[in-house]
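Enquirer: quick one, structure for this:
(chains A and B)
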There are 2 protein chains.
Amino acid sequence: MVETQRTGDTGQSASESSSATKPGWPEQAASMVWDAWGIPAGHKPLSAQIRGLLAQVFGVSGDPVTRRDEVDVPLRESALTPDRRDGLGAVVGADNVSVDHHDRLLRAGGKSTPDLLRRRAEGPQDAPDAIVYPADHDQVLAVLTYCAANAIAVVPFGGGTSVVGGVDPIGGRFDTVIALDLRRLDTLSKVDPISGTAALGAGLTGPAAEKLLAAHGLSLGHFPQSFEFASIGGFAATRSSGQASAGYGRFDDMVQHLKIATPSGTIELGRAPASAAGPDLRELFVGSEGALGVITEVTLRVHPVPETIGYQAWSFPDFETGAAALRSVVQAGAAPTVLRLSDEVETGVNLARTADIGGNPVAGCLAITTFEGTAAHVAARSAEAGALLAAAGGNALGQTPAQEWEHGRFAAPYMRDALLDVGVLCETLETATTWSNLAALKSKVTAALTDSLAGQGTPPLVMCHISHTYPTGASLYFTIIAKQLDDPIAQWHAAKQAVGDAIMTAGGTITHHHAVGTDHRPWIPAEIGDLGVRILRAVKQQLDPAGILNPGKLVP
Amino acid sequence: MVETQRTGDTGQSASESSSATKPGWPEQAASMVWDAWGIPAGHKPLSAQIRGLLAQVFGVSGDPVTRRDEVDVPLRESALTPDRRDGLGAVVGADNVSVDHHDRLLRAGGKSTPDLLRRRAEGPQDAPDAIVYPADHDQVLAVLTYCAANAIAVVPFGGGTSVVGGVDPIGGRFDTVIALDLRRLDTLSKVDPISGTAALGAGLTGPAAEKLLAAHGLSLGHFPQSFEFASIGGFAATRSSGQASAGYGRFDDMVQHLKIATPSGTIELGRAPASAAGPDLRELFVGSEGALGVITEVTLRVHPVPETIGYQAWSFPDFETGAAALRSVVQAGAAPTVLRLSDEVETGVNLARTADIGGNPVAGCLAITTFEGTAAHVAARSAEAGALLAAAGGNALGQTPAQEWEHGRFAAPYMRDALLDVGVLCETLETATTWSNLAALKSKVTAALTDSLAGQGTPPLVMCHISHTYPTGASLYFTIIAKQLDDPIAQWHAAKQAVGDAIMTAGGTITHHHAVGTDHRPWIPAEIGDLGVRILRAVKQQLDPAGILNPGKLVP
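Expert: Okay, the predicted model is just below:
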């Protein structure tokens, strides 16, 4: 059952990645562009219909701004000294240490709206002092040992899709910070089709992992919006959750075994599908955001490529009715593979189908269900779930809206760039709570956002959907659109501060699947308590006594 | 949605517990007897049929030994000084500190076979120096603060059902050790029927919790073999897994929120059904075995008392065919509520139906399935699972064997006592691994047990079943019967050492649901690595700097 397969030639130059394409999956890009989401081919100008809508609602009608060519962007000089460059080169090979302008700019940070606004602002950019590309676990370990001994901060870097500042090039008390780019850890080192497990390198992107698995008739089924660019290691490090979480679980549910490099050595965790041998230490590293160690390999639960996929869309008269319907399905143990519900505003704007914004909106609230598995399973499950949704007030809309949603599901971040370019602020945030608290939390989050932005003279449009459901509760994902002020970063910062406080007061979690990074760190003491923070610090002190790992993230 | 309900009068004397009975659940006992499993009413002599079998197989035909009356059992004198007794009394009330012979003897330890053999041996017994009965979380916290300041070791005590030495009265470097009996933490403090959650006191036994929930039409559905006596706090602290885990999950899956008292203060964890706000620290305390803190309240996922329960038993020609059939059901996402498979030996002995041992065995391997939920869910799920089991070679046996299994499912530990009394060694152990490694692990465990015991001149009967299944693997639960040697503790110790090493070499986990305690602690470095041990120690140092919490357990 053991095989080692890679997505590309391992001898490739360090700043290029493999390009894995598979019919049905989007093409994997080399890297995302430096100042926006995704690859150039994905960028589309706003339609006349959307621009009309923006002019009407926000009074925004300008032409898109012209972005800077990256060669014109001033970058602070690399602080990497020649001796340190040689030292790192001795570990990974001189060709795998880069201080190139282009390479540094591509790892300048993540893709939150403030990130993108900072990239587009005038003036010099911050960036890591160098990019280091280790080939395997042992090289990661050796790099960490070197950096701990030589006072170099390390930011582990996967797909760079963080929207919470998780890959910001923060050196903390160190004068040099490197991005540790894991793209060369790109192997499927073991596949066990009987048990349904596969060991995947941390640097594999979503499409690359799916392509390697597909050769064995297997699939991971983890499809967050960042799927096309984010990496296996990043999914684990951030407690990611994909759009098919109702069927295949959150990424943390999929994790069977972790291999982690820390400045204090290697740790491997997860001997069995389940164990009572003390605390589950895997759960310390899932969500550790590179602050406790660098995840180099993840053994994951996988499943056969589904025989059949069933699609069914529904409408509900209002969000409360729709949420109760979703709840009835999940609590009955009849969850589909995908189970989503857009609120009235999102349904009206038709954001659930980005390809068709503004056109032919569904009345009330749109819900999407898909069912994957054997033909018998899909038939049984869709009949059971369908009966419950209908009984709870759902109106079946057929399969087309669900297929359209699936077709456009990775496109929304591209639209954000087009909006930012014409002077519209667009950002998202998410939380989760129990079913009984869901309506109250939604209302308080919406009020906090509206109050803050309207108070600044820019009343927002706030849309919401449920995309992850559990027997005891659900997530809430908000998309916020408003007219930009002259300082849109400060504008959003004020709104984010207000909404973060509102989430904590209203009993939500500060993040359901976007992780902590720099942006949510102020709320971590409220999330886990002072003693929880002390536990994290004690573990970090044990694993990373020099404090080189991802300074400024996660641990307050 | 908030209510506070107790199982009994909180003003009761400390050494009596509430007696909760509910039609359908076994009666909850005050406490188990000191030298055997359970309550006197549960103890049954061996049938003539079984004694005939034992004579034939092991040449054992003696009459049961007479056990000592507890008043005749010498106990070492309590080391609790009068000032410490006053100090503890000032926290919980003088009536809630006991140095009574009976009370101490009942907390002398758990219920492993070596425990029971030690209880029945001549000579003085070890026991905690005192029993302390706090009333609530704040008193637990105050007791821990007092004990940390006054050099008293604390063994948290729930139902006392540990089979791994988890409640042994070990003082470590302290000359005084108390049992912290949590039975007064017996409230259902909050129930949320919309979200399907309930906050239960750590001291509630399984039946007491189910009785409180039943008043709201709810059920927890956690039915380990220790269900009648074990406590909510114990289930959490040991990562328990119940017989309905295929349907309702392991206990750790059910945990939504934990309230924990530590010498360093209180920590509350779990703000939402799921979160990406860093590491999931709940998973540090689930399985912490009282060594990191004392769990005082657990908010759990509950579900409506099922409308319908469907039963269906199956036979398979052999274990391998049966295991593959179970795997096909779980991997298809069609798992029943209960899903078990006995191997050929266990099926032959008919241990799966303790009421009928030796009689009318099923040919091949017996499998049990039950399905709970709404009528529609039971119908849909049993049709899907049944079709898969039949397609995989199963022969449907109807519902009777499944109902018989359910009826007798808590009785096996009583039979162990009857066997021990006539000179037969009887013990159990369990592990888990991936589906692809299951047959190899089963074979190696069986070989290690057989080699060790046969090498000592007492060839064993080794029976096995699968009782917990996952998409990626399953548990293996072994029951071992052999003739006792003159020193049966040493006899078993040798076998346990051999089989523990075999499990680790063969890629299993040292325990799937019995926890670590003293007995599995030697294998923890192999289970989580040296760095994993350092993490546990660092967390313990932070939460319990004096080291008073459950010395000698879990943390190597």
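
Enquirer: three-state assignment of residue A:384?
Expert: Put simply, residue A:384 is helix when judged by DSSP: H, G, I helix; E, B strand; the rest coil.

Enquirer: could you check how far the nearest residue to it once chain neighbours are set aside is from residue B:385?
Expert: Distances taken as C-beta to C-beta, 6 or more residues apart in numbering or on different chains place residue A:334 nearest to residue A:384, at 4.3 Å, with adjacent residues excluded. Using the backbone N, CA and C atoms, a C-beta is placed for each residue, glycine as well. Per C-beta to C-beta, to the nearest Å, residue A:334 is found 14 Å from residue B:385.

Enquirer: between the longest helix seen in chain A and helix B:524-543, how big is the angle?
Expert: In chain A, taking DSSP state H as the definition, the longest helix is helix A:524-543. On the basis of axes from the mean of the first three to the mean of the last three C-alpha atoms, to 10 degrees, helix A:524-543 is oriented at 130 degrees to helix B:524-543.

Enquirer: check whether helix A:524-543 comes near chain B.
Expert: Yes: looking at helix A:524-543 against chain B by C-beta under 8 Å from any C-beta of the partner chain, the contacts come from A:524, A:527-532, A:534-536, A:538-539, A:541-543.

Enquirer: follow-up on the earlier one: show me which of residue A:334 and residue B:385 is the more surrounded one.
Expert: residue B:385 (27 against 24; other C-beta atoms under 10 Å in any protein chain shown).

Enquirer: wait, doesn't the more buried one sit right on residue B:333?
Expert: No: Residue B:385 is beyond contact range of residue B:333, at 10.2 Å (criterion: C-beta atoms under 8 Å).

Enquirer: for residue A:337, give me the backbone phi and psi.
Expert: Backbone geometry at residue A:337, expressed as degrees, to the nearest 10, gives phi -80, psi -50.

Enquirer: pLDDT wise, what is it at?
Expert: Residue A:337 carries a pLDDT value of 98.

Enquirer: against residue B:408, how distant is it?
Expert: 39 Å.

Enquirer: who has more neighbours out of the two?
Expert: Per other C-beta under 10 Å, whichever of residue A:337 and residue B:408 has more neighbours is residue A:337, with 23 against 17.

Enquirer: the nearest residue to residue A:263 once chain neighbours are set aside: what's it in contact with?
Expert: Excluding its sequence neighbours, the residue lying closest to residue A:263 (C-beta to C-beta, 6+ apart) is residue A:148, at 4.2 Å. Residues near residue A:148 by C-beta atoms under 8 Å, 6 or more residues apart in numbering or on different chains: A:263, A:544, A:545, A:546, A:548.

Enquirer: mind listing what the closest residue in space to the second one that isn't next to it in sequence touches?
Expert: When you say that, I think you mean residue A:544. Among residues not flanking residue A:544 along the chain, residue A:263 sits closest, at 5.1 Å (C-beta to C-beta, 6+ apart). Each residue near residue A:263 by C-beta under 8 Å, 6+ apart is listed here: A:144, A:145, A:147, A:148, A:543, A:544, A:545, A:546, A:548, A:549.

Enquirer: what segments of the stretch 301-450 of chain A are strands?
Expert: Secondary structure of the stretch 301-450 of chain A (DSSP state E, counting those that start in this stretch): strands located at A:303-304, A:308-316, A:338-342, A:365-373, A:395-398, A:424-434.

Enquirer: nearest to residue A:274, of those strands?
Expert: Closest of those to residue A:274 is strand A:303-304, at 17.9 Å (criterion: C-beta to C-beta).

Enquirer: how many neighbours does residue A:407 have?
Expert: 12.

Enquirer: can you list the residues of the stretch 351-500 of chain A near chain B?
Expert: Checking the stretch 351-500 of chain A against chain B by C-beta under 8 Å from any C-beta, the hits are A:373-374, A:376-377, A:380-381, A:383-384, A:387, A:431-437, A:468, A:470-475.

Enquirer: quick one: buried ones out of those residues?
Expert: A:373-374, A:376-377, A:380-381, A:384, A:431-437, A:468, A:470-475 (16 or more other C-beta atoms under 10 Å in any protein chain shown).

Enquirer: tell me the spacing between residue A:460 and residue A:510.
Expert: For residue A:460, the distance to residue A:510 - C-beta to C-beta - is 20 Å.

Enquirer: quick one: pLDDT of residue A:350?
Expert: 71.

Enquirer: next one, pLDDT for residue A:21 please.
Expert: Confidence score, pLDDT, at residue A:21: 33.

Enquirer: and what of residue A:64?
Expert: 85.

Enquirer: what's the closest non-adjacent residue to it?
Expert: Closest residue in space to residue A:64, ignoring its immediate chain neighbours: residue A:421 at 3.9 Å, by C-beta to C-beta, 6+ apart.

Enquirer: ok, that neighbour - contacts?
Expert: By C-beta under 8 Å, 6+ apart, residue A:421 lies in contact with A:64, A:65, A:67.

Enquirer: can you give me the helices for the stretch 401-550 of chain A?
Expert: Assigned by DSSP state H, counting those that start in this stretch, the helices in the stretch 401-550 of chain A fall at A:412-421, A:438-455, A:488-505, A:524-543.

Enquirer: swap that for the stretch 201-350 of chain A, please
Expert: A:206-214, A:232-237, A:245-248, A:251-254, A:282-285, A:319-331, A:344-349.

Enquirer: most neighbours per residue, which of the ones you listed?
Expert: Comparing the helices of the stretch 201-350 of chain A by mean neighbour count (mean count of other C-beta atoms under 10 Å in any protein chain shown), helix A:232-237 comes out on top with a mean of 30.

Enquirer: up against chain B, what does the stretch 101-250 of chain A have?
Expert: Counting by C-beta under 8 Å from any C-beta, the residues of the stretch 101-250 of chain A near chain B are A:192, A:194, A:195, A:196, A:197, A:238, A:239, A:240, A:241, A:247, A:250.

Enquirer: any idea how far the last one lies from residue A:236?
Expert: Yep, that's residue A:250 we're talking about. Distance from residue A:250 to residue A:236, by C-beta to C-beta: 11 Å.
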